[in-house]
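> Requesting a structural model of the entry that follows:
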Amino acid sequence: MPQQMSNVLPNVPHPPWAPGPDVVQPPTVEPDGGATLLAWMRRMRNESPVWRDESGNAHVFRHADVVHILGDPGLYSSDTVGRLGGETPSGVLLLLDPPQHGKLRRLVSRAFTSRLISELTPQITTLTRELLDAVDGERFDLVDAVANPLPVMVIATMLGVPLHDQAMFQAWGAQLLATDAADPESVRRMELTGKEISAYLQEFVDARRRTPHDDLIGTLVHAEVDGQRLSDDEIVSFATLLLLAGHITTSVLLGNILLCLDSAPERWEALRADRSGIPALIEETLRCRPPFTRVERVPTREVEIAGEVIAPNTLIHLWLLSANHDERVFDDPAAFVPERSNSRQAAFGHGIHYCIGAPLARLESRIVLELMLDRFRSVRVDAGSRLSFHGSNVFGAEQLPLVVRRA
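Numbering: from 1, shown residues only. Take a look at the predicted model:
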């Protein structure tokens, strides 16, 4: 058994209590960086593996149940909008079921082959160097300096939209992250933001239809499978998903890597000497601190999960964070142990909806970490700063002030 490291939560006290299954809503990530939330999940896994909230929605916590549901798209639909009475947006890959999902996935996956992602390495390296070159002194905020701008710049370059619009992309992402589904005004702002994004991207789709181009939007405009091409709505929806969800995923993952390393600072010097451990460290970060806490599915007929009968068209929250901390699968799950032989983490999902951008997120994270290892002898989270964390479904720090010693 490899030597176990400390808990990967930030420098905040652990709660002396763990709320029971009678809690009407899951605890938030604030103010302790997830300690209370993880304690609540541990108790739910052991005492109430399928739990109903006050709205009647089901929450599933154990690794085996989460992976099983994600792996059965016929029984558990991803169309959580259409099946719950709404109108499913056209071309939103995350909400599509077979066979429509397969058609769209085959078309867009052409831009995400291992070869094409690998070919981005020089460009990502150059962008990362430029961002790090702009860092002065021995204190900086990782999110502002690198983690937010880099993935936006990479995806904008892939899509073929101007890099000088990156501030607008980040503002759109922040607006969507801040949406409160219980607040009609917040929902209205989110809908307006969605229309702005669609109108912006539609201009580039129109331009690529007039003049072919080898960027991602141009590729999607002219891609064809079995004689079928993507509609404008499908292209715009996928481009929107990349711009927003894609950049948020990588941004949060980069911050979480530094949070995990802060819990085991001796790892930094070891990685400087031997970079071969970087991929395993990224995977263990994904297990400990996945960028998103949960995903949703809806059963197409009555099902039974962990002894609980769930009616068709019931919203089910699948807690990826809880699955990744399930004691039935991972020994001492609170410990940060990159050498784990069992790497069945579910941060990027499972089955046909496995995150199409996962290889890109891993590549960006590896490049950033390698370049930071080159430049800095040590990196620590600033102990004098109070960390703030994303709310809702995102599991990571909004800002991450660092103190570094240059190499």
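> tell me what the helix or strand hosting Glu185 is packed against?
Element membership for Glu185, per DSSP states H and E: helix 184-210. With contacts taken as 3 or more Cβ pairs under 8 Å, 6 or more residues apart in numbering; DSSP states H and E, helix 184-210 sits against helix 166-177, helix 216-222, helix 232-241. C-beta coordinates here come from the backbone N, C-alpha and C atoms, glycine included.
> Show me the strands in this protein, by range?
Secondary structure of the chain (DSSP state E): strands located at 50-52, 58-60, 76-77, 139-141, 294-299, 303-305, 308-310, 316-319, 376-381, 401-406.
> Please identify the pairing partners of the third one and their relative orientation?
What that stands for is strand 76-77. Strand 76-77 sits in its sheet next to strand 294-299 (antiparallel), going by DSSP bridges.
> Kindly provide the whole-number mean pLDDT of the strand it pairs with.
The average pLDDT for strand 294-299 rounds to 96.
> hang on, the earlier thing: could you check the angle helix 232-241 makes with the helix holding Glu185?
Here the directions of helix 184-210 and helix 232-241 differ by 120 degrees (axes from the mean of the first three to the mean of the last three Cα atoms, to 10 degrees).
> any idea of the mean pLDDT for helix 184-210?
Rounded mean pLDDT across helix 184-210 is 88.
> buried stuff in it?
Arg189, Met190, Thr193, Gly194, Ile197, Ser198, Tyr200, Leu201, Phe204, Val205, Arg208 (16 or more other Cβ atoms under 10 Å).
> cool, stretch 160-171 as well?
For stretch 160-171, by 16+ other Cβ under 10 Å, it's Gly160, Val161, Gln166, Met168, Phe169, Gln170.
> can you check stretch 91-110 too?
Result for stretch 91-110 [16+ other Cβ under 10 Å]: buried residues 91-97, 100-101, 103-105, 107-108.
> for those residues, which one is nearest Ile248?
Leu94 (13.2 Å; Cβ to Cβ).
> Now mean pLDDT and distance to Pro122 too, for the helices and strands packed on helix 184-210, in JSON lines please.
Output for the helices and strands packed on helix 184-210, formatted as JSON lines (pLDDT from 0 to 100; distance: least, Cβ to Cβ, whole Å):
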{"stretch": "helix 166-177", "mean pLDDT": "79", "distance to Pro122": "20"}
{"stretch": "helix 216-222", "mean pLDDT": "89", "distance to Pro122": "17"}
{"stretch": "helix 232-241", "mean pLDDT": "89", "distance to Pro122": "23"}
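> and those as JSON lines, adding distance to Leu150?
Listed next are those as JSON lines, based on distance: least, Cβ to Cβ, whole Å:
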{"stretch": "helix 166-177", "distance to Leu150": "10"}
{"stretch": "helix 216-222", "distance to Leu150": "17"}
{"stretch": "helix 232-241", "distance to Leu150": "18"}
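> Quick one: closest of those to Ala383.
helix 166-177 (26.6 Å).
> what about Arg406, how many neighbours?
10 (other Cβ atoms under 10 Å).
> That one and Phe140, how far apart?
12 Å (Cβ to Cβ, to the nearest Å).
> what do you get for Val404?
For Val404, the distance to Phe140 - Cβ to Cβ - is 8 Å.
> Likewise for Ala383?
Counting by Cβ to Cβ - Ala383 and Phe140 are separated by 15 Å.
> Could you do Ser322 as well?
Taking Cβ to Cβ, one finds Ser322 at 33 Å from Phe140.
> ok, the two, which is more surrounded?
Between Ser322 and Phe140, counting by other Cβ under 10 Å, Ser322 is the more crowded of the two (29 against 19).
> For the more buried one, report the pLDDT, please.
98.
> Quick check, it in contact with Asn46.
No. Between Ser322 and Asn46 there is no contact under Cβ atoms under 8 Å: 11.0 Å.
> Endpoint to endpoint, stretch 385-394 covers what distance?
Its first and final residues considered, stretch 385-394 spans 21 Å by Cα to Cα, to the nearest Å.
> ok, now stretch 319-337?
21 Å.
> Could you give me the buried positions within that stretch?
Applying 16+ other Cβ under 10 Å to stretch 319-337 flags 319-326, 329-330, 333-337 as buried.
> Quick check: which ranges of the chain have low pLDDT?
Counting by pLDDT under 70, the chain shows low-confidence ranges at 1-24, 177, 179-182, 225.
> give me every residue that touches Arg92.
If you look again at residue 92, you'll see it is Val, not Arg. When contacts are counted by Cβ atoms under 8 Å, 6 or more residues apart in numbering, Val92 touches Ser237, Leu241.
> can you start the count at 49 instead of 1 from here on
With the count now opening at 49, the last piece we talked about shows up as Val140.
> how far away is it from Leu152?
9 Å.
> ok so, going back, closest one of the buried residues of stretch 139-158 to Asp280?
Nearest to Asp280 among the buried residues of stretch 139-158, with distances taken as Cβ to Cβ, is Gly139, at 8.9 Å.
> Was I right to think the closest one contacts Leu289?
No. The pair formed by Gly139 and Leu289 falls short of the contact definition of Cβ under 8 Å, at 9.2 Å.
> which one of the buried residues of stretch 367-385 is nearest Val343?
The closest of the buried residues of stretch 367-385, once distances to Val343 are taken by Cβ to Cβ, is Leu368, at 6.5 Å.
> who are the neighbours in contact with the closest one?
Val114, Pro338, Phe340, Thr341, Arg342, Val343, Ala394, Ala395, Gly397.
> can you rerun that using 6 Å?
Pro338, Arg342, Ala394 (Cβ atoms under 6 Å, 6 or more residues apart in numbering).
> Make sure Glu412 is actually in contact with Thr298.
Yes. Checked against Cβ atoms under 6 Å, the pair Glu412 and Thr298 is within contact range at 5.1 Å.
> These two: which is more packed in?
A side-by-side neighbour count of Glu412 and Thr298, using other Cβ under 10 Å, places Glu412 first with 30 against 26.
> what's near enough to touch that one?
Glu412 touches Ile172, Thr298, counting by Cβ under 6 Å, 6+ apart.
> what's the spacing between it and Asn304?
From Glu412 over to Asn304 (counting by Cβ to Cβ), the distance is 13 Å.
> go on, Arg158?
30 Å.
> same thing with Gln447?
From Gln447 to Asn304 the distance is 13 Å (Cβ to Cβ).
> Which residue of those two possesses the greater neighbour count?
Asn304 (25 against 16).
> Understood, closing this out.
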